[in-house]
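>>> I would like to see how this sequence folds:
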Amino acid sequence: MLELAILGFLRDQPLHGYDLRKRVAALMGHVRPVADGTLYPAIKRMAVAGWLLRKDEPGAAAAPRRMLYLTAEGREELERRLREPDELDISDENRWFVLLAFLRHLGAGREQATVLRRRLAFLEEPTSFFYEGDRPMGAEEFGDPFRKGLLTIAHATSQAELAWLRATIEALETSTGP
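Numbers count the residues shown, from 1 in each chain. Coordinates of the predicted model:
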C-alpha cells in the first residue's frame, strides 16, 4: 500500500521527501501513520529497484533538496499494480482507496473497468461483520444500537459505492466501446 502510494504520487509529479510524506499521510495516515522510519527505507528500496531516482536540487533556502522522480520502470510497476491488484487490494477498504486514488493512471478505460468490476463482484457478495453460523446478519437483527449503527452505516456506504461502481463501469465501457 505504501509503495503504491509513493509510485502514484510520483506519477503525478516529482516531489521532495517531506512533501511526499505529507501526501501519503493525508491519503492513508489516518489508518496507518507514516513515519520517516517507514517511508525512507521504502524510498531507498524503490530506488534500488530502479523505480525512482533521487536528485539533489537547489532548495528555496540555502540547503539543497533531494527530489524524487518516477522512472520508466517505476511507471511500468505502477501500471502493473493498478492493472493486476492483489485480492487484498480489492477487498480491504483502505488498500482499495489507495488503489482508487491512482487508478486514473491506468490509461485504458477498459482496464480501469476490469479493476472496478472486481471490486463490484466483491461488494455484491453477501457479507456482514457478524454471523449466525454461516449466515451474515443484518442491522435489523440487533437490538444493540451500536451494532445496529455499525451495520447501518456500512450498508449505506456499500450501497453508495455500488451505485458509483455501476455508473462508472458503464461510463468507461461506453466511452471505450466493445
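
>>> just the helices from the chain, written as ranges.
Along the chain, the stretches classed as helices by DSSP state H are 2-12, 17-28, 36-48, 72-83, 87-91, 93-102, 109-124, 145-176.

>>> what's the first one packed up against?
Same thing as helix 2-12. helix 17-28, helix 36-48, strand 52-57, strand 65-70, helix 72-83, helix 93-102 (3 or more Cβ pairs under 8 Å, 6 or more residues apart in numbering; DSSP states H and E). The way it works is simple: take the backbone N, C-alpha and C, and place the C-beta from them, glycine included.

>>> let's see it at 6 Å
Applying 3 or more Cβ pairs under 6 Å, 6 or more residues apart in numbering; DSSP states H and E, we find helix 2-12 packed against helix 17-28, strand 65-70, helix 72-83, helix 93-102.

>>> quick revisit: make TSV out of the helices of the chain and add distance to residue 65 and mean pLDDT.
Shown next, in TSV, are the helices of the chain (distance: least, Cβ to Cβ, whole Å; pLDDT from 0 to 100):
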stretch	distance to residue 65	mean pLDDT
helix 2-12	15	95
helix 17-28	9	88
helix 36-48	14	90
helix 72-83	19	97
helix 87-91	32	95
helix 93-102	24	94
helix 109-124	34	95
helix 145-176	38	93
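
>>> out of those helices, indicate the one that is most buried.
Mean neighbour count (mean count of other Cβ atoms under 10 Å) peaks for helix 2-12 among the helices of the chain, with a mean of 20.

>>> ok, so what distance separates the most centrally placed residue in the chain from residue 86?
For the chain, residue 98 is the residue whose C-alpha lies nearest the centre (Cα atoms, centre = their mean; 1.4 Å). Remark: distance between residue 98 and residue 86 (Cβ to Cβ, to the nearest Å) = 12 Å.

>>> sorry, back to before: which one of the helices of the chain lies nearest to residue 64?
With Cβ to Cβ, the closest approach to residue 64 among the helices of the chain belongs to helix 17-28: 12.4 Å.
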